[in-house]
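Engineer: sequence plus the predicted model coming up.
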Amino acid sequence: MATAAIIMDGKAVGAKVRAEVKRRAAAFMAAHGRAPGLAVVQVGEDPSSSGYVLSKRKGCEEAGIASFANDIPASVTRAELLALVHQLNDNPLVDGILMQLPLPAGLDANEITDAIDPKKDVDGFHPHNTGLLAQKRPGLRPCTPYGVIRLAQEYGIKLKGLRATVVGASNIVGRPMALELLLAGATVTICHTGTRDLRSEVERADLVVAAAGRAGLVRGEWIREGAAVFDVGINRNAEGRLVGDVDYDVAIRRAGWITPVPGGIGPMTIAMLLSNTLDAATAAK
Ligand code: GUN
């Protein structure tokens, strides 16, 4: 018998996280005489990046974090961009550095993000921070996976011992997501383009994280009764509507918990970025 799924409200939980950040930012200001600072670097004018960057800056403003805008033309050279990163690394007013990805063709994102001081790596993309997470001693943690974990905690979903399937193996979401779930005590399967039978991997999961970036990849009828479903995908369908990777209308009849798109994981990602900025600022002092 299917019962109604609990729709996990990332906007509401994100607002709760942001309120915590705001309190911590005020305490930081009182102790240090300045606001915590986040440098947001955007190279070029990719329209979806511009949208994300704007939300991040707005989130900073509302939380009492100083955001330093660095809008860099796509024609920037590798050397110039590396020099900017070094300058931000050395700037005592900057606690966190966010390099919006993707970078324009011709720039090597790994080389640029590797140059960020790991202590200021609020995206958690630096191999140092990935390595700490892999060794179960997390430092700064990638925002989207960290947001999934926080949302699960807020809804009382106990991760220890769960069978978790992560669909997608990117450096930004899938891989760190698997490490987070492992850290939380789940038994983790990671699916990718080479996976032979995606359906059976999803069917036996108590928890599914869909992060492949393909609308409808995860079929609703594959979802186990009562499973927790976290949909990280943000895709535009044929009608121009934002949809996730999970076939939501069918999945919602089987899942125990599910995130909507939009309003699920997206707002959590930004909230965790702000939270990471406070963690970076307070660790540095
Ligand atoms: N591009 C897509 N997602 C992200 C993210 O979480 N951080 C950054 N810096 N760029 C992204």
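Structural biologist: Looks like it arrived, so ask away.

Engineer: all helices of this protein, in order?
Structural biologist: In order along the chain, the chain carries the following helices (DSSP state H): 10-32, 47-63, 78-90, 109-114, 127-134, 143-154, 174-183, 198-203, 248-251, 265-283.

Engineer: outside of stretch 214-222, which residues touch it?
Structural biologist: Under the criterion C-beta atoms under 8 Å, 6 or more residues apart in numbering, residues 167, 198-199, 202-203, 208, 210, 212, 231, 233, 235-237, 243-254 lie in contact with stretch 214-222. For every residue, glycine as well, the C-beta is placed using N, CA and C.

Engineer: so how do I select the buried members of those residues in ChimeraX?
Structural biologist: With 16 or more other C-beta atoms under 10 Å as the criterion, this ChimeraX line picks the buried residues out of the contacts of stretch 214-222:
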select :167,198,202,203,208,210,212,231,233,235,243,244,245,246,247,248,251,252,254
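
Engineer: between the helices of the chain, which one is closest to I190.
Structural biologist: Evaluated with C-beta to C-beta, those place helix 174-183 nearest to I190, the distance being 4.8 Å.

Engineer: quick check, the residue in the chain closest to the ligand?
Structural biologist: For the chain, the nearest residue to the ligand under the criterion C-beta to the nearest ligand atom is L101, separated by 3.8 Å.

Engineer: residues contacting that residue?
Structural biologist: Taking C-beta under 8 Å, 6+ apart as the contact definition, L101 lies against S49, A109, T113, I172.

Engineer: turn these into a markdown table, columns for neighbour count, pLDDT and distance to the ligand.
Structural biologist: Below are the contacts of L101 laid out as a markdown table (neighbours: other C-beta atoms under 10 Å; pLDDT from 0 to 100; distance: C-beta to the nearest ligand atom, whole Å):
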| residue | neighbour count | pLDDT | distance to the ligand |
| --- | --- | --- | --- |
| S49 | 16 | 94 | 7 |
| A109 | 15 | 97 | 9 |
| T113 | 19 | 98 | 8 |
| I172 | 19 | 96 | 5 |
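
Engineer: out of these, who's nearest E62?
Structural biologist: Nearest to E62 among those is S49, at 20.5 Å by C-beta to C-beta.

Engineer: hmm, back to that, relative to N70, which of the helices of the chain is closest?
Structural biologist: With C-beta to C-beta as the measure, helix 78-90 is the member of these nearest N70 (6.6 Å).

Engineer: let me know whether the closest one sits next to the ligand.
Structural biologist: No: Helix 78-90 stays out of contact with the ligand when judged by C-beta under 6 Å from any ligand atom, the minimum separation being 12.8 Å.

Engineer: any idea how far that helix is from the middle of the chain?
Structural biologist: Computed by C-alpha atoms, centre = their mean, to the nearest Å, the separation of helix 78-90 from the middle of its chain amounts to 24 Å.

Engineer: who in this structure is up against the ligand?
Structural biologist: Proximity of the chain to the ligand is assessed by C-beta under 6 Å from any ligand atom, with L98, M99, Q100, L101, D123, C143, T144, I172, T269 identified as the residues in range.

Engineer: list only those of those flagged as buried.
Structural biologist: With neighbours counted using 16+ other C-beta under 10 Å, the residues of the chain next to the ligand contain these buried positions: L98, M99, Q100, L101, D123, C143, T144, I172, T269.

Engineer: which residues touch the closest residue to the fifth one other than its chain neighbours?
Structural biologist: The one in question is D123. For D123, the nearest residue in space outside its immediate sequence neighbours is L98; the separation is 5.9 Å by C-beta to C-beta, 6 or more residues apart in numbering. L98 is in contact with L38, A39, V40, V41, K56, V122, D123, L273, counting by C-beta under 8 Å, 6+ apart.

Engineer: beta partners of the fourth one?
Structural biologist: So that's V41. N70, M99 (DSSP bridges).

Engineer: out of the contacts of L98, which end up buried?
Structural biologist: When those are checked for burial by 16+ other C-beta under 10 Å, the buried set is L38, A39, V40, V41, K56, V122, D123, L273.

Engineer: from the buried ones among the residues of the chain next to the ligand, pick the one nearest G161.
Structural biologist: T144 (23.4 Å).

Engineer: I'd say the closest one and N171 touch.
Structural biologist: No: under the criterion of C-beta atoms under 8 Å, T144 is not in contact with N171, lying 11.4 Å apart.
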